[in-house]
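1. below are the sequence and a predicted model; questions follow.
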Amino acid sequence: MLLLLTLALLAGATCRAQNILGNKVGTYFYIHGEEQGDIKAIRIFYTLALHLKGIQLQFQDQWSDIEGLRSTRYEEFHLNDGEHVIKVLGSVGLCLNSLTFITNKGTEFSFGIKKGRRIVERGGPDQHLQTVNGVYSPICLQGMGFKWTYNTEKLPRKPTSQVALDRQWLDAGLILGTSGLLS
């Protein structure tokens, strides 16, 4: 019975950590707060060697709990209104060494030192970062996963050329041909 319970606990931890990039061994975390709205800021805490030690996200005006470990060395990146993270780059060795967040406005912000095995993650078209999960050890962040969501704000598409404009008029039945108004 004890063996079955142990296997069930190990399988649960493995399932949760399947989408994590980097090392998957350590204490699992998931940052809650996405129900409050979009990510407005990201704060990363560092070890003395500048490995990533902890992470905190701000949703609207509320900061999440710190996941991983707190330190006095940290940096934060604030997103502007309408700005969303659409791609994450990083590097990992024994610890998560770096993360670079790229936004829909072309802004890039990097945390840590780029060294080790490279990781890349992005959502699909029209998606942005909703929250993160990962694992940490008593020393540093070990790996991270990214949860993506679809953008809710859609701008109306505008014709990009005269051909597109003519197609819209034709589809609306407003171009009558050579014997009509446009002859």
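-> It's in. Numbering: from 1, shown residues only.

2. the spatially most central residue of the chain: which element?
-> The centre of the chain sits closest to residue 129, judged by Cα atoms, centre = their mean, with a distance of 3.1 Å. Per DSSP states H and E, residue 129 falls inside strand 127-136.

3. and for residue 77, the neighbour number?
-> Neighbourhood size, residue 77 [other Cβ atoms under 10 Å]: 18. In this view, the C-beta of every residue, glycine as well, is placed from N, C-alpha and C.

4. what sits against it?
-> By Cβ atoms under 8 Å, 6 or more residues apart in numbering, residue 77 lies in contact with 41, 42, 101, 109, 111.

5. partners of it in the sheet?
-> residue 42 (DSSP bridges).

6. same deal with residue 54?
-> residue 45, residue 68.

7. and residue 103, what are its phi and psi?
-> Main-chain dihedrals, residue 103, degrees, to the nearest 10: phi -100, psi 170.

8. give me the neighbour count for it.
-> If you count neighbours by other Cβ under 10 Å, residue 103 ends up with 19.

9. same thing with the one 4 residues further on?
-> Residue 107: 13 surrounding residues under other Cβ under 10 Å.

10. leaving out sequence neighbours, find the closest residue to it.
-> Closest residue to residue 107 apart from its sequence neighbours, by Cβ to Cβ, 6 or more residues apart in numbering: residue 83 at 6.8 Å.

11. first-to-last residue distance for stretch 99-108?
-> 10 Å (Cα to Cα, to the nearest Å).

12. ditto for stretch 41-59
-> Stretch 41-59: ends 7 Å apart by Cα to Cα.

13. please point out which parts of that stretch sit buried.
-> Within stretch 41-59, the residues that qualify as buried by neighbour count (16 or more other Cβ atoms under 10 Å) are 42-47, 51-59.
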